[in-house]
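**Q** Just to be clear, the model below is a prediction. Sequence and coordinates:
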Amino acid sequence: MQVKTYIGNSTKEVLDAIKSELGSEAVILSSRERQKDGRRVYEITAGAERTEQTKKEKGNSAGPSGWDDWHKEWSKLKEQIYMLMQPSMQMDKLSPHQRVALEYLQREGVENEVIVEFYNILVSNKTEESSMLKVLASLVPVKSFCFENYPQRVHIITGPYGVGKTSTVLRLALLRKQQIPHHRVAFINTDSLRGNGRVVLRHWADLSGFPYFEAPDKETMFGALKACGDANCIFIDMQGLAKNENLEDKLHMLGLDSLQAHVHVVLSPHYQYLKELLKRYKSSFPASVMWTKLDEAEHFAELINIAVWTGMPISALSFGAELQGSLLPADEAQIWRLILKHQLPKG
């Protein structure tokens with residue numbers, strides 16, 4: 001699908017541009033009004049399936065000539081390589097409990113390249129009865145969300161739309177107050193036009209007595225950070241990234257790239273194409289992953305896959321609809337009970 005954001009002085013002007021470029025089959029993904037240079041503009045994100053003819057008309061806009069075909073061929077080749085490698089994995093070199101655990105992870109959906117990495121570590125280990133959990137823990141880092149591990153004043157909460165970022169911001173604030181009751185907490189929301197999350201965050205900020213600010217650009221962000229005064233902990237709720245955006249540019253646009261901050265990427269196990277999506281959420285800040293909506297997922301292999309691919313530690317686990325007691329600092333025992341036994345953490 002080709003996705004593009006259009007901006008104009010009226011809804012009709014934007015829709016006409018979408019129809020002209022993407023055709024009448026385009027699907028509206030999101031729309032909003034915002035201020036630009038002191039005037040109101042309308043911003044609509046739309047998507048359309050790319051046909052072969054469309055690709056030809058666009059020329060190199062989607063990448064170098066032949067990129068899509070090469071990418072498909074490489075993906076197939078890589079899959080075949082792993083299929084060839086698996087029969088050559090001498091499972092008899094593993095202890096029975098290691099072999100059972102590895103086969104279980106394969107059935108759960110852990111990616112082939114990760115399975116091969118686990119296998120190589122187990123085989124190279126001189127101790128035959130080496131703990132499988134110890135090997136898994138070496139590749140799946142955990143760094144619980146607490147002040148000792150994350151002493152930064154500013155915490156940037158980001159991730160794709162629909163994973164529960166705003167709920168996570170609220171739960172983190174309540175958790176921080178539970179951990180350190182005298183800490184003063186403040187909220188900054190970078191999406192001042194999107195309805196639901198904005199209303200919920202402001203509502204709970206008012207109920208909890210937490211200062212709340214909206215900062216969609218660098219100027220208002222500077223003002224919001226200054227207005228936070230002596231707050232010990234500031235949670236910044238970042239809006240999701242469009243297809244053509246990346247986190248580094250977004251942070252620079254908001255003037256956040258010079259802060260001493262920590263980025264927490266919020267993900268859900270049933271969200272598709274996480275590996276590709278995470279390329280846009282890279283930043284120079286230290287980062288962690290917070291997993292949400294665990295109670296809605298059937299499998300939890302993505303916790304392993306993402307940890308191995310990115311090296312980012314898991315900092316928190318979230319489950320259920322309640323705000324209180326539904327987000328816990330991550331620890332290894334919780335994670336492996338979740339992955340190996342499908343046992344949710346207990347709040």
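**A** Sure thing, it's come through.

**Q** who touches Asn149 in this structure?
**A** Lys143, Ser315 (Cβ atoms under 8 Å, 6 or more residues apart in numbering). No exception for glycine: its C-beta is placed from N, CA and C like everyone else's.

**Q** helix, strand or coil for it?
**A** Three-state assignment for Asn149 (DSSP: H, G, I helix; E, B strand; the rest coil): coil.

**Q** For it, grab phi and psi.
**A** Here is the backbone geometry of Asn149 (degrees, to the nearest 10): phi -90, psi -30.

**Q** So it versus Pro96, what's the distance?
**A** Separation of Asn149 from Pro96 (Cβ to Cβ, to the nearest Å): 36 Å.

**Q** Ok, Ile234 next?
**A** 51 Å.

**Q** cool, and Asp206?
**A** Asp206 is 58 Å from Pro96, by Cβ to Cβ.

**Q** Helix or strand for Tyr42, just tell me which one.
**A** Following DSSP states H and E, one finds Tyr42 within strand 39-48.

**Q** That strand - which strands sit beside it in the sheet, and in what orientation?
**A** Strand 39-48 pairs in its sheet with strand 2-8 (antiparallel), strand 27-36 (antiparallel), by DSSP bridges.

**Q** which of those has the lowest average pLDDT?
**A** For the strands paired with strand 39-48, mean pLDDT drops lowest on strand 27-36, to a mean of 69.

**Q** Just the buried positions in the strand holding Tyr42, please.
**A** Val41, Tyr42, Glu43, Ile44, Thr45, Ala46, Gly47, Ala48 (16 or more other Cβ atoms under 10 Å).

**Q** thinking the fifth one is in contact with Lys4, fair?
**A** Yes. Taking contacts as Cβ atoms under 8 Å, Thr45 lies within contact range of Lys4: 7.3 Å.

**Q** More neighbours: which of Ile234 and Pro96?
**A** Comparing Ile234 with Pro96 by other Cβ atoms under 10 Å, the one with more neighbours is Ile234, at 23 against 9.

**Q** Past the helix or strand harbouring the more buried one, which element shows up next along the chain?
**A** Here Ile234 sits within strand 233-237, counting by DSSP H and E. Counting by DSSP H and E, the next helix or strand C-terminal to strand 233-237 is helix 247-253.

**Q** Can I get the helix or strand in which Thr220 is found in CSV, CA atoms only?
**A** Element membership for Thr220, per DSSP H and E: helix 218-227. Extracted C-alpha coordinates of helix 218-227, given in CSV (Å, rounded to 0.1, in the frame of the first residue of the first chain):
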residue,chain,number,x,y,z
LYS,A,218,9.4,23.1,19.2
GLU,A,219,8.2,26.5,20.6
THR,A,220,5.3,25.0,22.6
MET,A,221,7.5,22.1,23.8
PHE,A,222,10.1,24.6,25.2
GLY,A,223,7.3,26.4,27.0
ALA,A,224,5.8,23.1,28.3
LEU,A,225,9.1,21.9,29.7
LYS,A,226,9.7,25.2,31.4
ALA,A,227,6.1,25.2,32.8
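
**Q** Quick one: work out the angle between it and strand 233-237.
**A** 150 degrees (axes from the mean of the first three to the mean of the last three Cα atoms, to 10 degrees).

**Q** In helix 218-227, which of the residues would be classed as buried?
**A** Those would be Thr220, Met221, Ala224, Leu225, for helix 218-227 by 16+ other Cβ under 10 Å.

**Q** cool, and stretch 327-337?
**A** Leu327, Leu328, Pro329, Ala330, Glu332, Gln334, Ile335, Trp336.

**Q** same check, this time on stretch 92-107
**A** Leu94, Ser95, Gln98, Arg99, Ala101, Leu102, Leu105, Gln106.

**Q** What distance do you get for Glu296 to Val140?
**A** 21 Å.

**Q** Repeat that for Gln178.
**A** 26 Å.

**Q** higher neighbour count, these two?
**A** Val140 (22 against 11).

**Q** excluding its backbone neighbours, what's nearest the more buried one?
**A** Ala307 (4.2 Å; Cβ to Cβ, 6 or more residues apart in numbering).

**Q** need the contact list for the one you found.
**A** Contacts of Ala307 (Cβ under 8 Å, 6+ apart): Leu139, Val140, Pro141, Val289, Pro313, Ile314.

**Q** where does this protein dip in pLDDT?
**A** Counting by pLDDT under 70, the chain has low-confidence residues at 1-2, 24-31, 49-89, 126-130, 192-196, 347.

**Q** just the helices in the stretch 101-250 of the chain please.
**A** Here the stretch 101-250 of the chain has its helices, by DSSP state H, counting those that start in this stretch, at 112-124, 132-139, 165-179, 195-208, 218-227, 247-253.
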